[in-house]
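> No letters, just coordinates:
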């Protein structure tokens, strides 16, 4: 299948690579000589980097060429790409890459034939060729550009406080008529006039003293009620807040990227990682 441009394959490739953009990097030789800049990236159907599209600037030679990813060492922190042994002669021999062309198997083989070592034992056959046959051109080699991040979505639970209401506590006065009963005592004078029992008895006139005016005084009292008001604590009202706890459940669909590994040929593959220690 023809190769695709990186942005065509993944329009959000910058997010996929954590904000790193390979299309902004400059290309240098191992000796530190700048030979061009990365113009684009070509990927296969599985999204694997296969070629960097390089806009060269070697002396008078200036054209876009394809650089197999295995020959490049991408250093995102330094914002540069290093290439192992790209010569002016190779640039001249390489077919020119243009935006409108389709990079098919035939075009790729023209590119490989320039980079391939003279002592290579590869006998190219279109019907059964795989990139894994030439790790020197397409090998991973723990390079920055081959470190793909697999992402997954997670539901993150958080809380924030919102005001749902308020309670204002105040006082008002109610009135009522209260009645009390108080027993009181009143004194009164009772004068009893009765018939003398000794009416036939003769009294000696010399013993009798007739008097005029007051002969007795008796004080008369009565109780008067005293009614007044006093204030007492009727009850205490305590206002406080209590926290009721509840559990709120939420659900959503989350996504997770899984790694697809397609291999061909007779070789050993060992996968290391979380929960993985396999060989085949």
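Yep, that arrived. Small disclaimer: the values here were computed from a predicted structure and weren't measured.

> Run through the strands of the stretch 51-200 of the chain in chain order.
For the stretch 51-200 of the chain, applying DSSP state E, counting those that start in this stretch gives strands covering 64-68, 72-75, 80-83.

> what sits against the residue nearest to residue 103 when sequence neighbours are not counted?
Leaving aside its sequence neighbours, residue 103 sits nearest to residue 3 (CB to CB, 6 or more residues apart in numbering; 4.7 Å). Quick note: C-beta positions are derived from backbone N, CA and C, even for glycine. Residue 3 sits next to 42-44, 50-51, 103, 108 when contact means CB atoms under 8 Å, 6 or more residues apart in numbering.

> Next: residue 7.
Neighbouring residues of residue 7 by CB under 8 Å, 6+ apart: 13, 40.

> How far off centre is the strand or helix carrying it?
Counting by DSSP states H and E, the element that carries residue 7 is helix 6-9. Centre-to-centre, helix 6-9 and its host chain are 30 Å apart (CA atoms, centre = their mean, to the nearest Å).

> What residues of whatever helix or strand comes next after that helix count as buried?
In the C-terminal direction, the helix or strand that comes right after helix 6-9 (DSSP H and E) is helix 13-16. Neighbour-count burial for helix 13-16 flags 13, 16 (criterion: 16 or more other CB atoms under 10 Å).

> So, low pLDDT: which residues of the stretch 151-280 of the chain?
Residue ranges of the stretch 151-280 of the chain with pLDDT under 70: 151, 198-201, 264-280.

> At which residues are the helices of it located?
For the stretch 151-280 of the chain, no helices are identified by DSSP state H, counting those that start in this stretch.

> ok, back up a step: and the helix holding residue 7, which residues are buried?
Buried residues in helix 6-9, counting neighbours by 16+ other CB under 10 Å, are found at 6, 9.

> Pull up the per-residue confidence for the residue nearest to residue 103.
Looking at residue 3, its pLDDT stands at 87.
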